[in-house]
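> Got a predicted structure here, sequence first:
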Amino acid sequence: MLSETKLKALKEISGDFSRDEAVWASGFLAGIAGISAAGQHQIMSDINTDLVSPKKITLAYGTETGNSKKLAVELAGVIKKKGVQVKLVDLSQYKPKDLAKEDLFFIIISTQGEGDPPILARKFYDHLHENDLDISHLKFGILALGDSSYPLFCKTGEDIDSRFEVLGAQRIIPLKKCDVDYEQDAYSWTEHILDTVNKTAEGSQKSVVTTKTSTARKKYRGKISTIINLNDRDSDKETYHIEIETEEPLVYSPGDALGVIAFNKKEEVEEIISLTGIDPEKQIKTVKLTAGAEELLYKYLNISYLLKTTVAQYAQITGHAIPEVRLSLLDLLRIYPVKSADEFEQFIPALTGQSPRLYSVSSSLEAHGDSEIHITVAKSEFFINDKKQNGLCSGFLAEFKEGEDIEFYIQEAKHFRLPKPEKDIIMIGPGTGIAPFRSFLYERDALGGEGRNWLFFGDRTFVSDFLYQAELQDFLKTGTLTHLDLAFSRDTAEKVYVQHKLEQKAQEVFHWLEAGASLYVCGAREPMSKDVEKTILNIIQDKGKHSPEEAQNYLEELELNGRYVKDVY
């Protein structure tokens, strides 16, 4: 055995050897030691084990709402930090023939509607299923995103996983199916990738991602302490600031979301009970629980906008000829009534579960303490057949009164995090997109970080729709908010949006990015987030003197490094 001093010296000398230099050195040492060719081969094997080059993987994503891409970017950053090279690809642009060049191939993909792949990934999905590809050399793993309240949960991921196996590829980690609260499962999947890849690398040090041992949701009970409409009475919008107090200490970070499962309207449930004649207390078993019919319909089952497959099951049970449509349960019963309570009882288990809705937290533990939490909720309104409807959960929350009880949970958002206190941030959040940035500002104000904070906010009118106006102005006065740029689209003859304000400050925005600022976007996906991204690319291209391709690479690099982060819906 070498002494500690000699071992240290050998490591220092050989630490940056190329493969060829390592081979030569092993032969040289073997010659000195008089070791046989067989023994020399064994030494070479040991040296190659220690000096093995890092593995490369390809991480592909197929997305429609953006969750798969957001998660892929986040996980790619984690994997890179663990010493594994990652090529990140979008399945909408990926050529299936390139699978022949891959070794380790991992996919994150969502399922849409009634078991369909994302529109942008359809071409890849179809090519995979319509062609006999030779991918017997390929090692793969699939992370499937879905919503368990839908009957064809994670079907796209299942389909691709099965097809890869049929085509001869080797599944090196099991298919992972994730529900709407997917983050913890996704990190566990990433840990599995790193563990497997490192084992494949023949002895490279095992890397793991630190994750919580439990994936169960922690549920909190609280009381509504404050509910205020932030819009002026002249506004045609209703945006509620809601504060919830708890007796149990809360645990959350700026960027996290609050999850709520809304109850259906009691009057609708009562009419359904009346139309069907079912006993409200009749115990009925569903996939997830057994409860009384009325309780199931009120608290746990989706009755507002049934899937086509659910309507088809209703038609099969009742014998009605029903076209391929989506209806509320109440409308379905009015138009195509059941013959008996027993017939309706038979149908109830076919209803999907009520999905949780997530709202960005707009408070800070550091500023507001661990016994209260705030959210910002826009009441959603839309029309179906000229009849005004409210969004289920936003309507549910807007109708709460102070003092009423509410149950909720915290959904971690590991990707949407503040950087170190000394780092600058640019926040773009029109409308309720302001919510997480209110949390950011309170957190930074409470901790006294040195990083500069720049907010771009917009809405319809200054007078009626300037959310959190007094607070933002106070942050400006105290210096917590370095810059505040406002865009009120209905106050001028020509509509002005946040992207136009970005254009006006293009040079300074680029200087901030070059100096290491992180860029955050929160709010509506269409068209806001896409218009903002186009503007950012134009700024990088123009002010940085980059080609369109270079600007795209620049932005993708920011994304991979966690400096360009989106929370859009």
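Noted; the coordinates are in hand.
> what helices or strands is the lengthiest helix in the chain leaning on?
Ordering each helix of the chain by length in residues (DSSP state H) puts helix 183-200 first. When contacts are defined as 3 or more Cβ pairs under 8 Å, 6 or more residues apart in numbering; DSSP states H and E, helix 183-200 packs onto helix 67-81, strand 104-110, strand 139-145, strand 176-178. The C-beta positions use only the backbone N, C-alpha and C, and glycine is treated the same way.
> can you give me the helices for the stretch 451-569 of the chain?
462-465, 469-478, 498-504, 506-514, 530-543, 548-560 (DSSP state H, counting those that start in this stretch).
> now the ones you listed in CSV, with distance to Ile172, mean pLDDT and mean neighbour count?
Listed next are those as CSV, based on distance: least, Cβ to Cβ, whole Å; pLDDT from 0 to 100; neighbours: other Cβ atoms under 10 Å:
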stretch, distance to Ile172, mean pLDDT, mean neighbour count
helix 462-465, 52, 94, 16
helix 469-478, 50, 95, 14
helix 498-504, 43, 97, 19
helix 506-514, 38, 97, 17
helix 530-543, 35, 96, 18
helix 548-560, 24, 93, 15
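> So which of these is nearest Gln316?
When the helices of the stretch 451-569 of the chain are compared by Cβ to Cβ, helix 530-543 sits nearest Gln316, at 40.9 Å.
> picking that back up, out of the helices of the stretch 451-569 of the chain, which is closest to Val338?
Comparing those by Cβ to Cβ, helix 530-543 comes nearest, at 44.8 Å.
> Report the backbone C-alpha coordinates of the closest one in PDB.
Written as PDB, here are the backbone C-alpha positions of helix 530-543 (Å, rounded to 0.1, in the frame of the first residue of the first chain):
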ATOM      1  CA  LYS A 530     -45.200  33.400 -25.600                       C
ATOM      2  CA  ASP A 531     -45.200  37.100 -26.500                       C
ATOM      3  CA  VAL A 532     -42.900  37.800 -23.600                       C
ATOM      4  CA  GLU A 533     -40.500  35.000 -24.600                       C
ATOM      5  CA  LYS A 534     -40.400  36.400 -28.200                       C
ATOM      6  CA  THR A 535     -39.600  39.800 -26.800                       C
ATOM      7  CA  ILE A 536     -36.800  38.400 -24.600                       C
ATOM      8  CA  LEU A 537     -35.300  36.600 -27.600                       C
ATOM      9  CA  ASN A 538     -35.400  39.800 -29.600                       C
ATOM     10  CA  ILE A 539     -33.600  41.700 -26.800                       C
ATOM     11  CA  ILE A 540     -30.900  39.000 -26.600                       C
ATOM     12  CA  GLN A 541     -30.500  39.000 -30.300                       C
ATOM     13  CA  ASP A 542     -30.500  42.800 -30.700                       C
ATOM     14  CA  LYS A 543     -28.600  44.000 -27.700                       C
END
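> got a list of contacts for that helix?
Helix 530-543 is contacted from outside by 428, 497-499, 502-503, 506-507, 509-510, 513, 519, 521, 546-548, 550-552, 554-555, 564, using Cβ atoms under 8 Å, 6 or more residues apart in numbering.
> Report the next helix or strand after the longest strand along the chain in sequence order.
Ranked by residue count and defined by DSSP state E, the top strand of the chain is strand 219-229. Next along the chain after strand 219-229, taking DSSP states H and E as the criterion, comes strand 239-246.
> Would you mind giving the helices of the stretch 451-569 of the chain as JSON lines with distance to Asn453 added?
Written out in JSON lines, the entries for the helices of the stretch 451-569 of the chain read as follows (distance: least, Cβ to Cβ, whole Å):
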{"stretch": "helix 462-465", "distance to Asn453": "21"}
{"stretch": "helix 469-478", "distance to Asn453": "8"}
{"stretch": "helix 498-504", "distance to Asn453": "16"}
{"stretch": "helix 506-514", "distance to Asn453": "11"}
{"stretch": "helix 530-543", "distance to Asn453": "18"}
{"stretch": "helix 548-560", "distance to Asn453": "18"}
